[in-house]
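Colleague: how would this look folded up:
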Amino acid sequence: MKKKIGVYTLILVSILVGVFYYIQYTSNAEKKELVQTIALPLGKEYIKQYYSADFILKDYEFNGPYVNSTVFLYGYIKGHEGQTVSITYDYKKKEIIDVSGPGWFIDSRNPEKNTP
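Modeller: Numbering: from 1, shown residues only. As a prediction, this is how the structure comes out:
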């Protein structure tokens, strides 16, 4: 009888661990898809429109959903691989919130174009 309880407990724990990993994998896949299909194209378009430059993505990071709906896109401007540029994107509002980078880059913003 004790062996059956132990076996059932082991099976239940295995199922729960499997479900946890599946949910985590699905969440990561959804995040990657959001970055690749929505945030990155909008970020590249924003940089092209306001800075006349080409943004190359190196990495991304999501704030926890309990904090806010922000994803940070980290990369560089083509030809300036050693200098990091980041784009802050709000995936609930579907808008670019901020761009940061070296002074020469930020100063190159087209002053005649207003932010959306």
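Colleague: when you work out contacts or count neighbours from here on, use the C-alpha atoms and nothing else.
Modeller: Fine.
Colleague: report the beta-bridge partners for residue 90.
Modeller: residue 70, residue 95 (DSSP bridges).
Colleague: what residues are up against it?
Modeller: By CA atoms under 8 Å, 6 or more residues apart in numbering, residue 90 lies in contact with 69, 70, 71, 96, 97.
Colleague: how close does the second one sit to residue 10?
Modeller: Summarising the geometry, the distance separating residue 70 from residue 10, computed by CA to CA, to the nearest Å, is 39 Å.
Colleague: okay, these two: which has more neighbours?
Modeller: The residue with the greater number of neighbours, taking residue 70 and residue 10 and applying other CA atoms under 10 Å, is residue 70; the counts read 21 against 12.
Colleague: and that one, how far from residue 60?
Modeller: In this structure, residue 70 and residue 60 are separated by 11 Å, where distance is defined by CA to CA.
Colleague: ends of stretch 87-98, what's the gap?
Modeller: This stretch, stretch 87-98, spans 6 Å end to end (CA to CA).
Colleague: coming back round to it: need the buried ones from the contacts of residue 90 selected in ChimeraX.
Modeller: For the buried members of the contacts of residue 90, the matching ChimeraX selection, counting by 16 or more other CA atoms under 10 Å, is:
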select :70,71,96
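Colleague: save the contacts of residue 90 as TSV, and put in distance to residue 45 too.
Modeller: Compiled in TSV, the contacts of residue 90 are given as follows (distance: CA to CA, whole Å):
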residue	distance to residue 45
69	20
70	18
71	16
96	10
97	14
